[in-house]
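Trainee: The sequence and its predicted three-dimensional model are supplied below.
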Amino acid sequence: MTIPFIPVEAPFTPDQRSWLTGFLAGMQTRLLSTAPAQAGAAGSAPALHVLYGSQTGTAESVAEDAAAAARTHGFAPVVCALDDMDLDRFVALGRVLIVTSTYGEGEMPDNTELFWEALSAESAPRLEGMDFAVLALGDTGYDGFCQAGKLIDMRLEQLGAQRIVPRVDCDVDYEETVAAWIAETLPLVAVDS
């Protein structure tokens, strides 16, 4: 699949071009997130679900980076926003990487709120068959530093899921920490495959 782009000669203002570029990138993410699932269904490579909660797109970008690295480890990664994953489907996942940012003073990102409500409910199902790792993105300038990731990590453990590696909390300069988390986590996920 080719990456969509806006031709230079297209009659758009810089703001329109920026909006369209973001829109097309989002559409491509949706298309790519379903394609690996279909390939994984054929049994050629084990599935690895990379779920993200993102307010500004940073966590989504990191999730895509993790998925790209997962492909080199022989996985068929499926990238999906947390709110696009209903809890019934989530329960059946074997291996999950979660990348989430924290919004404001410790709130869940907009595309994580429904997932969090279902996961934190008293009626949430047990997750004993799941292996997971959480990467939290935040800013130490806020009191609720990485709170969304901390809450999700703790709740998954409470529901019986097994942690692959300890949660990693990233500050605004996150690139090296993210790369180290991916490099440490993927070989351990591959061991359990």
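Mentor: Thanks, I have it.

Trainee: mind listing what's buried in stretch 180-191?
Mentor: Residues 181-182, 185-186, 189 are the ones in stretch 180-191 that count as buried (16 or more other CB atoms under 10 Å). Using the backbone N, CA and C atoms, a C-beta is placed for each residue, glycine as well.

Trainee: any residues touching that stretch, and which ones?
Mentor: Stretch 180-191 has contacts (CB atoms under 8 Å, 6 or more residues apart in numbering) with 48, 65-66, 69-70, 73-75, 95, 97, 131, 133, 135, 164-165, 168.

Trainee: Can I have the buried ones of those residues as a ChimeraX selection?
Mentor: This is how ChimeraX selects the buried members of the contacts of stretch 180-191, with burial counted by 16+ other CB under 10 Å:
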select :48,65,66,69,70,73,75,95,97,131,133,135,164,165,168
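
Trainee: Tell me, please, where in the chain the pLDDT is lower than the cut-off.
Mentor: Within the chain, the set of residues satisfying pLDDT under 70 comprises 1-8, 17-43, 191-193.

Trainee: now the helices: where do they sit in it?
Mentor: Per DSSP state H, the chain carries helices over the ranges 14-41, 58-72, 87-91, 113-120, 147-158, 175-192.

Trainee: How far does the second one sit from its chain's centre?
Mentor: A distance of 8 Å separates the centroid of the chain from that of helix 58-72, by CA atoms, centre = their mean, to the nearest Å.
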